[in-house]
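[1] The sequence and its predicted three-dimensional model are supplied below.
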Amino acid sequence: MDFEHYRAIHHHLFQDVYQWAGQIRTVRIAKGGNPFCFPENIEDQANKLFDGLRSADFLRNLDALRFANQAAHFLAELNAIHAFREGNGRSQLTFFALLADPAGHPLKIEKLKPDEMLGAMIASFDGDERKLASVINDLIA
């Protein structure tokens, strides 16, 4: 459950679509005028984020509210890193599902509302992780 694993997920999901699947992007990108992590910083920032996840015991043994809050922070940071040119959201969700299950909070993916999740991710990029925590809490309830 480290950055290499996350990259392997992206590769697995997109190997038939993108020649560069699983490879860290080398170009600067932004959405809505907001830049994501510069490519020269991606690996260091991602390793730091995943080291923190490991230090937090992969969010195991947390009640639902603490899990949702900590998971929201992790996902917000992972999204801000935006390691790949395309497919970040799908890779994040896949990794998150793999994280949530052994943490004792399996996702009820059928409850996911894409527009609501997107809005929560945008709010988290602007520093407000409350909506994302609420969406996660709904997915694990």
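    Looks like it came in fine. Keep in mind that what you see is a predicted model, and the values were worked out from it rather than measured.
[2] ok, now how distant is residue 91 from residue 46?
    Computed with CB to CB, to the nearest Å, the distance linking residue 91 and residue 46 is 12 Å. C-beta coordinates here come from the backbone N, C-alpha and C atoms, glycine included.
[3] Quick check: neighbours shared by the two?
    Listed contacts common to residue 91 and residue 46 are residue 6; contacts here mean CB atoms under 8 Å, 6 or more residues apart in numbering.
[4] Which of the two has more residues huddled nearby?
    Higher neighbour count among residue 91 and residue 46: residue 91, with 24 against 21, using other CB atoms under 10 Å.
[5] so what's the more buried one up against?
    Shown in contact with residue 91 (CB under 8 Å, 6+ apart): 6, 9-10, 13, 84.
[6] repeat for residue 40
    If a contact means CB under 8 Å, 6+ apart, then residue 40 has no contacts.
[7] Over to the one 5 residues further on?
    Neighbouring residues of residue 45 by CB under 8 Å, 6+ apart: 37, 81.
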